[in-house]
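Peer 1: What shape does this take:
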Amino acid sequence: MTQNIFVVGLDDLNHSTLLKLPNASQYTFHQLLEIDELQGGSASVPELLDKAQRQLDAFDGSFDAIVGFWDFPVSMMVPILCKRHGFRSADLEAVVKCEHKYWSRLEQQKVIDEYPAFGILDLTAEPARLPDGVSYPVWIKPIKSYSSEGAHYVESDEQLQVAQGQERGEVDRVGGPFNDVLALLDLPPEIAEVGGSACLVEEAATGSQVTVEGFSQGGRVEIYGVIDSISYDGAPSFLRYQYPSRLPTQIQDYMADVSRKVVAAVGLTDTTFNIEYFWNAEKQQLRLLEVNARHSQSHAPLFELVDGVSNHAYMLDMALDRQPPHLRGEGPFGTAAKWFLRRFSDGVVQRMPTAGEIAELERKLPGTTVHVTVTEGSRLSEGYGEDSYSYVLAEIFLGGTDESDLEDKYAQCVDALGFRIDDVPEGN
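Peer 2: Residues are numbered from 1 along each chain as shown. Prediction:
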């Protein structure tokens, strides 16, 4: 008898990855709401919860778990829905402590030193000014956002003034629905005063950006992988995620130790998590960037290619209250990467690769999966969820023998995909 698993925002790519898990025949995965309605910004969290509940109520039979791997609102809907149905999941308050950027920093202060100077940006101040104790260069970002949306790099008072005006129009897109979740909690005064439609300022960290992935279960906090996040030259946008990390083992162990302290401090358990860091080798300095109370679906194919099993397996083990095994290096490739094929100016998509061209490329290069993120005729700037600097045309997952092999395969993919984008005149 198979177990019915509802996955909030299940999409085709992740469904195919889930179906490759060991013993996948024991599960039937059901989509609970579509990802576009979850992250399109058109529905409130109460409306989404009501719609999800109606779908669950209408299901003909029993089900065994509710899981998810997307950012807000999925990361917070899962614990709410699980609590209603008596399923194992993280506590909602612990999740919010991680993902409310200001609250998370306050919790980190209690147990670690590896965080940047930070404060709240007064969006009403004229002229705009940095919080006390914070110095340029800084990152300004909404209290709650995803995919670097609304993040601005600022080096001067003049840039701060511009960024403040931009943030006034950006903080409510995710912050407004986030306030619906905050209303469910008994918040400490300092968090209730800030709310969800606010803006954080923190000193910019430098160095190698990496992500630590792990799980917390019954007081056991384990790290199962460290992934490098490599940016384009001269731009803050990601070029690729690469696994396993190239950092020395002792630095990875250091990050694992810091991660365990933070996860324990916020009371996060019965869930996967990922924590992003900057490691500056020259200064021998570690800075925690942000904490996410979920694993990264972007990394799932990388773990599958290198370890033989995707990180979705840990999510299922948490939800079904099983002790997860720690698998390492049992996949067909020595390294793997998720590449982001980007354009750094607006434009209209005139040509994109056909399904046949993509299938031929994936056949030619084993271990390759191409996911096109734009549609023919669309204007790039009209998409949701991009960073402030670029537009993603395609996500390309590759397995290779080593880093040089990955780079060679990526170059072949870029040549074969054949996108054609027409420029859009500035101001149009």
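
Peer 1: Check the gap between residue 120 and residue 129 for me.
Peer 2: 12 Å (Cβ to Cβ, to the nearest Å). (Glycine included, C-beta is placed from N, CA and C.)

Peer 1: burial of the nearest residue to residue 420 once chain neighbours are set aside, as a residue count?
Peer 2: Closest residue to residue 420 apart from its sequence neighbours, by Cβ to Cβ, 6 or more residues apart in numbering: residue 351 at 3.9 Å. Under the neighbour criterion other Cβ atoms under 10 Å, residue 351 is assigned a count of 12.

Peer 1: Contact partners for residue 351?
Peer 2: Residue 351 sits next to 376, 418, 419, 420 when contact means Cβ atoms under 8 Å, 6 or more residues apart in numbering.

Peer 1: Please indicate which of the residues you listed has the highest neighbour count?
Peer 2: Greatest neighbour count in those, by other Cβ under 10 Å, goes to residue 419: 17 neighbours.

Peer 1: From residue 352, how far off is that one?
Peer 2: Distance from residue 419 to residue 352, counting by Cβ to Cβ: 6 Å.

Peer 1: ok so, going back, what about the contacts of residue 351, which are in strands?
Peer 2: residue 420 (DSSP state E).

Peer 1: Name every strand pairing with the longest strand along the chain and say which way it goes.
Peer 2: Secondary structure of the chain per DSSP E: the longest strand is strand 220-231. When sheet partners are counted by DSSP bridges, strand 220-231 sits next to strand 208-217 (antiparallel), strand 238-243 (antiparallel).

Peer 1: now the strands for the stretch 51-200 of the chain?
Peer 2: 65-67, 118-120, 138-142, 152-154, 199-203 (DSSP state E, counting those that start in this stretch).

Peer 1: Please convert the ones you listed to JSON lines, extending it with distance to residue 238.
Peer 2: Output for those, formatted as JSON lines (distance: least, Cβ to Cβ, whole Å):
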{"stretch": "strand 65-67", "distance to residue 238": "25"}
{"stretch": "strand 118-120", "distance to residue 238": "22"}
{"stretch": "strand 138-142", "distance to residue 238": "15"}
{"stretch": "strand 152-154", "distance to residue 238": "14"}
{"stretch": "strand 199-203", "distance to residue 238": "19"}
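
Peer 1: Of all these, which one comes closest to residue 219?
Peer 2: Proximity to residue 219 (Cβ to Cβ) singles out strand 65-67 among the strands of the stretch 51-200 of the chain, at 21.2 Å.

Peer 1: what does the closest one rub up against?
Peer 2: Under Cβ under 8 Å, 6+ apart, the answer for strand 65-67 is 3, 5-8, 32, 56, 78, 81-82, 85, 87-89, 315-316, 319-320.

Peer 1: So, low pLDDT: which residues of the stretch 301-428 of the chain?
Peer 2: Within the stretch 301-428 of the chain, the segments meeting pLDDT under 70 span 384-388, 426-428.

Peer 1: Okay, helices next: where are they in it?
Peer 2: Here the stretch 301-428 of the chain has its helices, by DSSP state H, counting those that start in this stretch, at 312-319, 355-364, 403-417.

Peer 1: Could you dump the strands of the stretch 51-200 of the chain into TSV and include mean pLDDT?
Peer 2: Converted to TSV, these look like this (pLDDT from 0 to 100):
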stretch	mean pLDDT
strand 65-67	98
strand 118-120	98
strand 138-142	96
strand 152-154	94
strand 199-203	97
